[in-house]
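Peer 1: I'd like to go over a predicted model; first the sequence, then the structure.
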Amino acid sequence: MSKDESKHMKKVLIITYYWPPSGGAGVQRWLKFVKYLRQFGWEPVIYTPSNAEYPDLDESYFDDIPENVQVIKTPIKEPYSFYKAFIGQNKKERIHFGLLAEKKENKKKNILKKISIWIRGNFFIPDAKVFWIKPSVKFLTNYLSANAVDAIVSTGPPHSLHVIASKVSQKLSLPWLADFRDPWTNIDFYKELMLTRLADRKHHKLELNVLKLADSVVTISQTMKDEFSNIHNRHYDVITNGYDTEDLDSIENIVLDKKFSIAHVGTISKSRNPYLFWETVGELVKELKGFSDDLEIKIIGKADISVWDDIDRFHLKAYIKRTDQMPHKEATREQQRTQVLLLSVNNTPNAKGILTSKFFEYMAANRPILCIGPDGGDAEKIISETQCGLFSNYTEKEKLKQNILTLYTKYKNNQLYTNTSNIEKYSRLELTKNLAMILDKINASKKIS
């Protein structure tokens with residue numbers, strides 16, 4: 001698109017921490033929105049740190065950035081160099097957010113990590129990006145005074161970005177959409193931050209301010225919407241994560257694995273570790289003739305030490321094919337080749353509202369999903385709605401075993417496929433259309449007021 005064409009569009013400033021070359025799930029949602037926003041009358045302008053600390057890098061994401069999109073960057077001060085020095089970590093090693101432990105640590109290092117987590121939770125509020133708030137508000141206030149936009153968006157976590165957007169919105173009377181990819185005070189590791197009462201009150205106060213002041217609040221699931229409604233009663237919009245058809249290989253180019261392959265793609269944290277799956281598969285290896293000859297388990301992405309402990313405990317190491325990191329488009333192709341895709345939902349208090357980007361990419365891969373998660377959660381409901389897989393809860397061992405046996409029997413009979421339906425509404429293009437409608441609405445409302 002030419003610069004002249006973009007002049008006739010409404011402009012939206014998107015404040016995001018994650019942007020290419022960032023890898024992982026955090027970058028995908030708004031990268032894909034940016035990819036398609038122009039088709040619905042909005043020209044995106046990106047504001048992001050110039051020196052962010054990303055847990056993963058993926059250069060392939062640059063391919064999704066539309067031509068001539070403006071990306072504004074300013075430096076961010078983050079405490080990670082101090083953190084690495086404090087716990088004795090190599091300064092070149094990347095920090096994995098979400099309290100992922102990939103290897104066993106000695107007692108001293110574990111104590112130092114707990115101290116650092118306590119410091120992070122109680123002194124860096126709302127998060128470690130807090131030092132970017134003040135300079136960003138100053139920069140954006142000046143920049144937007146000279147370069148007008150029609151709306152601003154903040155996406156979190158990190159939730160410091162919502163604080164930035166709130167202050168800028170109030171200063172310049174700009175309509176503001178706050179997008180929550182994950183909860184704030186209901187995030188699965190919130191209690192692990194060991195917050196004092198004062199720090200907890202600060203987090204809740206900041207969260208409430210965002211929910212009150214934003215012209216629109218968007219969440220990724222119905223459950224998260226309900227949880228926010230309990231904090232502050234207002235209108236919330238749900239725009240789930242999704243899949244991009246342009247990431248998929250054509251069906252005629254897909255050659256399925258010869259083995260009965262079961263793949264988990266993405267990070268497996270301790271709370272996401274599917275203990276019951278390892279135990280059940282370990283039993284099937286012993287009990288079912290021929291199963292061990294056919295089995296292959298692919299782990300694509302980083303995994304907590306508890307995963308490897310369970311793999312050893314149930315004698316499954318011989319069946320594991322491990323890939324720590326893979327470019328997104330390669331991972332997507334791997335999903336299409338795999339016989340079964342394992343979806344393990346975090347076993348945490350907020351589990352019912354967890355809908356990862358990976359879930360929708362699994363769905364689009366047109367391979368059966370084997371899901372382990374909470375009863376009545378959003379994942380179970382969508383699996384039932386779209387008929388894209390089989391579900392069991394965290395304790396239903398016999399049902400999980402039967403689900404695996406059902407899939408394996410179909411594999412042996414060359415009948416392992418899905419009859420997935422009604423998934424088009426989860427395409428990134430359709431989701432961006434919904435986003436643009438919300439932006440149109442808050443933009444029009446602000447003009448009227």
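Peer 2: Right, received. Where do you want to start?
Peer 1: give me the neighbour count for Lys298.
Peer 2: Residues near Lys298, counting by other CB atoms under 10 Å, number 23. All C-beta atoms are positioned from the backbone trio N, CA, C, and that covers glycine.
Peer 1: can you name the farthest residue from the center of this structure?
Peer 2: Of all residues in the chain, Lys289 sits farthest from the chain's C-alpha centroid, using CA atoms, centre = their mean; the distance is 38.6 Å.
Peer 1: ok so that residue is a strand residue?
Peer 2: No. Using DSSP: H, G, I helix; E, B strand; the rest coil, the assignment for Lys289 is coil, not a strand.
Peer 1: how is the protein carved up into domains?
Peer 2: For the chain, the structural domains run 3-76+126-240+428-448, 245-424, going by automatic domain parsing.
Peer 1: quick one: the ones you listed as JSON lines, columns for distance to Ile119 and mean pLDDT too.
Peer 2: Formatted as JSON lines, those follow (distance: least, CB to CB, whole Å; pLDDT from 0 to 100):
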{"stretch": "domain 3-76+126-240+428-448", "distance to Ile119": "10", "mean pLDDT": "93"}
{"stretch": "domain 245-424", "distance to Ile119": "21", "mean pLDDT": "94"}
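Peer 1: wait, which of these is closest to Ile115?
Peer 2: Of all these, domain 3-76+126-240+428-448 sits nearest to Ile115, with 9.6 Å by CB to CB.
Peer 1: how far does that closest one sit from the chain's center?
Peer 2: Distance, stretch centre to chain centre, for domain 3-76+126-240+428-448: 14 Å (CA atoms, centre = their mean, to the nearest Å).
Peer 1: which residues of the stretch 101-250 of the chain fall in strands?
Peer 2: Remark: strands assigned in the stretch 101-250 of the chain by DSSP state E, counting those that start in this stretch are 151-156, 176-180, 216-219, 237-238.
Peer 1: who does the last one touch, helix- and strand-wise?
Peer 2: For strand 237-238, the elements it packs on are strand 216-219, helix 222-231, judged by 3 or more CB pairs under 8 Å, 6 or more residues apart in numbering; DSSP states H and E.
Peer 1: which parts of the longest one are buried?
Peer 2: Spelled out, that is helix 222-231. Across helix 222-231, burial judged by 16 or more other CB atoms under 10 Å covers Gln222, Thr223, Met224, Lys225, Glu227, Phe228, Ile231.
Peer 1: and of these, the nearest to Val69?
Peer 2: Within these, distances to Val69 taken as CB to CB reach their minimum at Met224, with 28.5 Å.
Peer 1: okay, the closest one and Gly353: tell me how far apart.
Peer 2: For Met224, the distance to Gly353 equals 4 Å [CB to CB, to the nearest Å].
Peer 1: let me know the closest of the buried residues of helix 222-231 to Met9.
Peer 2: The nearest member of the buried residues of helix 222-231 to Met9, counting by CB to CB, is Lys225 at 29.1 Å.
Peer 1: mind listing what Gln70 touches?
Peer 2: Counting by CB atoms under 8 Å, 6 or more residues apart in numbering, Gln70 touches Val45, Ile46.
Peer 1: could you report the distance from it to Asn147?
Peer 2: For Gln70, the distance to Asn147 - CB to CB - is 9 Å.
Peer 1: which residues do those two both contact?
Peer 2: Joint contacts of Gln70 and Asn147 (CB under 8 Å, 6+ apart) are Val45.
Peer 1: in a markdown table: the strands of the stretch 101-250 of the chain, plus mean neighbour count and distance to His204.
Peer 2: Shown next, in a markdown table, are these (neighbours: other CB atoms under 10 Å; distance: least, CB to CB, whole Å):
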| stretch | mean neighbour count | distance to His204 |
| --- | --- | --- |
| strand 151-156 | 26 | 15 |
| strand 176-180 | 26 | 15 |
| strand 216-219 | 22 | 16 |
| strand 237-238 | 16 | 22 |
